[in-house]
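Student: Return atomic coordinates for the entry below.
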Amino acid sequence: MLKIEKGTKFYEMKDSLPLPNEDEVSSMYLKTVRALNEIGIKQYEISNFAKEGFESRHNLKYWELVPYLGIGKTAHSFWGGRRFYYDEEFNKIYDGNGGGDSERVMLGLRLAKGVEKALIKKPYEQFIKMGLMREHGDRISLTPEGMLVSNTIISELTEV
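Tutor: Residues are numbered from 1 along each chain as shown. Reported below is the predicted structural model:
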């Protein structure tokens, strides 16, 4: 799903591009999820698919809040529950704490495996009834249809 950003060549060309509308994009996304699943390529993250065992370990570290160190100018890190980065002059800039329950829900719902139900403190049953979420054991996750509206669902379940 291409998002056209201001300041890009695509943005300059957007009025002349034959772009699909939102319904067409959603339909293409769901067809892609089904087609890839049929040939053994599973959705493991909101916009990533792989054969089992070939998921990007690099990307999963971010979604699973595994500590990591970024090395170099503007490299970001998450270590000891703190986020920080180094600016262009190598000054260390603290970017706040991380790893709380709300962040775990926000990041974990991007994953097909979802999150532990105990992390969600707000009612989510309406999303299950709508076919946007599913329960599996002690976990809850978004369906492919739910992935399409993930920002809305996640903000509803994590807002303070």
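
Student: quick one: the strands in this structure?
Tutor: Using DSSP state E, the strands found in the chain span residues 42-45, 48-50, 76-79, 82-86, 92-97, 115-116, 133-136, 139-142.

Student: Each with direction, which strands does the longest one pair with?
Tutor: As defined by DSSP bridges, the strand partners of strand 92-97 come to strand 82-86 (antiparallel).

Student: ok, and what's touching the strand it pairs with?
Tutor: 70, 72-77, 92-98 (CB atoms under 8 Å, 6 or more residues apart in numbering). C-beta coordinates here come from the backbone N, C-alpha and C atoms, glycine included.

Student: In CSV, list these along with pLDDT.
Tutor: As requested, the contacts of strand 82-86 are exported to CSV (pLDDT from 0 to 100):
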residue, pLDDT
Gly70, 90
Gly72, 86
Lys73, 86
Thr74, 89
Ala75, 90
His76, 91
Ser77, 93
Lys92, 90
Ile93, 91
Tyr94, 92
Asp95, 89
Gly96, 87
Asn97, 89
Gly98, 86
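
Student: Return the member of those nearest to Asn151.
Tutor: Gly98 (19.1 Å; CB to CB).

Student: That closest one and Gly81 touch, don't they?
Tutor: Yes. When contacts are counted by CB atoms under 8 Å, Gly98 is listed as touching Gly81 (6.3 Å).
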